[in-house]
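> need a 3D model of the following:
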Amino acid sequence: MIVGAATDLKPKLRYTAGTLAGRASILRRLVPAWAFDKQIRRLNQLDG
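Below is the predicted model of the structure:
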């Protein structure tokens, strides 16, 4: 991924870091903010 981004003839402004990040980006647009934040907190084992 890094080599592809560095050598791309038409590089993107941003690249996602792995499949989970890509899924999170899509999910963020589809679910309410409170639900997304709750899931991220759960995945990262944070209180609240």
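> going by C-alpha atoms from here, please, whenever you check contacts or count neighbours.
Will do.
> what about the most centrally placed residue in the chain, distance to Leu9?
Nearest to the geometric centre of the chain sits Ala21, at 2.7 Å (C-alpha atoms, centre = their mean). Computed as C-alpha to C-alpha, to the nearest Å, the Ala21 to Leu9 distance reads 24 Å.
> which strand or helix spans the residue of the chain positioned farthest from its centre?
In the chain, Leu9 marks the outermost C-alpha relative to the chain mean, sitting 23.7 Å out by C-alpha atoms, centre = their mean. Assigned by DSSP states H and E, Leu9 belongs to no helix or strand.
> on that earlier part again, CA atoms only for the helix or strand encompassing the residue nearest to the centre of the chain, dumped as PDB, please.
Using DSSP H and E, Ala21 sits in helix 19-30. Taking Å, rounded to 0.1, in the frame of the first residue of the first chain, the C-alpha atoms of helix 19-30 are listed here in PDB:
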ATOM      1  CA  THR A  19      -9.700  -2.700   5.400                       C
ATOM      2  CA  LEU A  20     -11.100  -1.800   8.800                       C
ATOM      3  CA  ALA A  21     -10.400   1.900   8.200                       C
ATOM      4  CA  GLY A  22     -12.300   1.600   4.800                       C
ATOM      5  CA  ARG A  23     -15.200   0.000   6.500                       C
ATOM      6  CA  ALA A  24     -15.300   2.600   9.300                       C
ATOM      7  CA  SER A  25     -15.300   5.400   6.700                       C
ATOM      8  CA  ILE A  26     -18.300   3.900   5.000                       C
ATOM      9  CA  LEU A  27     -20.100   3.200   8.300                       C
ATOM     10  CA  ARG A  28     -19.500   6.700   9.500                       C
ATOM     11  CA  ARG A  29     -21.600   8.100   6.600                       C
ATOM     12  CA  LEU A  30     -24.400   5.600   7.200                       C
END
